[in-house]
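> fold the following for me, if possible:
(4 chains)
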There are 2 protein chains.
Amino acid sequence: MAVTQQSSLFAVLRTASCLESRVEARLADIGLSLPKLAALQRLTQAGESLPLGQLAEKLACVKSNVTQLVDRLEADGLVARTADPNDGRSRIAVLTAAGRRAFARGIGIQRQAEQELFSVLTPDESDHLHRLLAKLDAH
Amino acid sequence: MAVTQQSSLFAVLRTASCLESRVEARLADIGLSLPKLAALQRLTQAGESLPLGQLAEKLACVKSNVTQLVDRLEADGLVARTADPNDGRSRIAVLTAAGRRAFARGIGIQRQAEQELFSVLTPDESDHLHRLLAKLDAH
DNA sequence: GCAGTATGATCCATGCCTGAACCAAATGGC
DNA sequence: GCCATTTGGTTCAGGCATGGATCATACTGC
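Numbering: from 1, shown residues only, chains lettered A, B, ... in the order given. So this is what the prediction gives:
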């Protein structure tokens, strides 16, 4: 008899939160979270510093979120806020030495976890998944 | 040249949050959210009422979360807390008339949104997606 | 029956996210 | 140069999630 197919929407959401929490669990070992790691990554990619507004853009979130995220990262000693010489309103988040180390470790953990979690898929399947997801994202 | 394949992990997470926010946006029109709708659904499925602990189990979340979620639903007038005659510790969440109406409307919106969002996939693609996601979930 | 333990719910602190209100600094038109 | 507007950030209120502490009630062994 036919398999009762569960909601596609919830299938995607469940898988996502499942993957997310497994990666988060590993990152927690070094005091990082996925949002924190993402912020550190953007900063690294941008050459270690970015005005908060641009960081918000790259993280595709609202500015007030970045304010708080950087607050937490600053409390952790991973980034510091500095003044923007060209614009008195702007504040620049810059990676600290500890931030660079945390990012290096975090990105390693993330890649490792990702590889393990997705090792159940063949390269072909992985490709196919990407194509399907891209279709869903479109517009 | 080869396409630089983006992280599979982030591809899944991005698609999920994208789908989620589009459904949430529609639900917001009637004052619901996905977590609230999910709670109403469990209650409906269980015959309109459930002890909070069991609701937490069905929602696969922690009890303290349900306490707050039911607080909000109660404030919205969609559920009410009643005593459990068999157990003085237990509190039972029961759907109100407004809760039944909200669930009926919400589930309609959700199904409609889901259908629209997944209409970009053929039934075959949808099947395949399910299989891939199931593989990722597996243990 | 009475300790001691289990359990159901809540409370509190915290993380992450949003949108609205706000403020100070920059900018553009005149 | 000055005022109105725009822009960068923060603040605040609130939603949703977690884990740990707490409390009252139930249960269990004796």
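> can we go C-alpha only for contacts and neighbour counts from here?
Noted.
> what ranges does chain A have for its strands?
Ranges of strands in chain A, per DSSP state E, are A:49-51, A:79-84, A:87-95.
> which other helices and strands contact the longest one?
Spelled out, it's strand A:87-95. helix A:34-45, strand A:49-51, helix A:52-59, strand A:79-84 (3 or more Cα pairs under 8 Å, 6 or more residues apart in numbering or on different chains; DSSP states H and E).
> ok so, going back, give me whichever of the strands of chain A is most buried.
With neighbours defined as mean count of other Cα atoms under 10 Å in any protein chain shown, the strands of chain A peak in mean count at strand A:49-51, which reaches a mean of 20.
> taking the centroid of chain A, which residue is nearest it?
residue A:38 (3.2 Å; Cα atoms, centre = their mean).
> contacts for stretch A:116-136?
For stretch A:116-136, contacts defined as Cα atoms under 8 Å, 6 or more residues apart in numbering or on different chains pick out A:19, B:8, B:11-12, B:15, B:19, B:117-118, B:120-121, B:125, B:129, B:132, B:135-136.
> would you mind checking the average pLDDT for it?
For stretch A:116-136, the mean per-residue pLDDT is 92.
> before we move on, the earlier item: filter the contacts of stretch A:116-136 down to the buried ones.
Of the members of the contacts of stretch A:116-136, the ones counted as buried by neighbours, 16 or more other Cα atoms under 10 Å in any protein chain shown, are A:19, B:8, B:11-12, B:15, B:19, B:117-118, B:121, B:125, B:129, B:132, B:136.
> now for the contacts of stretch A:116-136: which two are most distant?
Greatest spacing in these, by Cα to Cα: A:19 and B:120 (24.3 Å).
> and of the helices and strands packed on strand A:87-95, who's closest to residue A:112?
Closest among the helices and strands packed on strand A:87-95, using Cα to Cα: helix A:34-45, at 14.0 Å.
> that closest one vs DNA strand D: in contact?
No: judged by Cα under 7 Å from any atom of the strand, helix A:34-45 makes no contact with DNA strand D; its nearest approach is 12.9 Å.
> can the helices and strands packed on strand A:87-95 go into CSV with extra columns for distance to DNA strand C?
Output for the helices and strands packed on strand A:87-95, formatted as CSV (distance: least, Cα to the nearest atom of the strand, whole Å):
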stretch, distance to DNA strand C
helix A:34-45, 5
strand A:49-51, 13
helix A:52-59, 8
strand A:79-84, 8
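> how about CSV for these, with distance to residue A:93 added?
Formatted as CSV, the helices and strands packed on strand A:87-95 follow (distance: least, Cα to Cα, whole Å):
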stretch, distance to residue A:93
helix A:34-45, 8
strand A:49-51, 5
helix A:52-59, 6
strand A:79-84, 5
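> and residue A:102, what is it in contact with?
A:30, A:32, A:78.
> most neighbours of all the residues you listed, which one?
residue A:78 (22 neighbours; other Cα atoms under 10 Å in any protein chain shown).
> residue A:95 is in contact with that one, correct?
Yes: using Cα atoms under 8 Å, residue A:78 is in contact with residue A:95, at 6.2 Å.
> please name the bridge partners of the residue nearest to residue A:74 when sequence neighbours are not counted.
In space, and not counting its chain neighbours, residue A:74 is closest to residue A:80: 5.6 Å by Cα to Cα, 6 or more residues apart in numbering or on different chains. With DSSP bridges as the criterion, residue A:80 is bridged to residue A:94.
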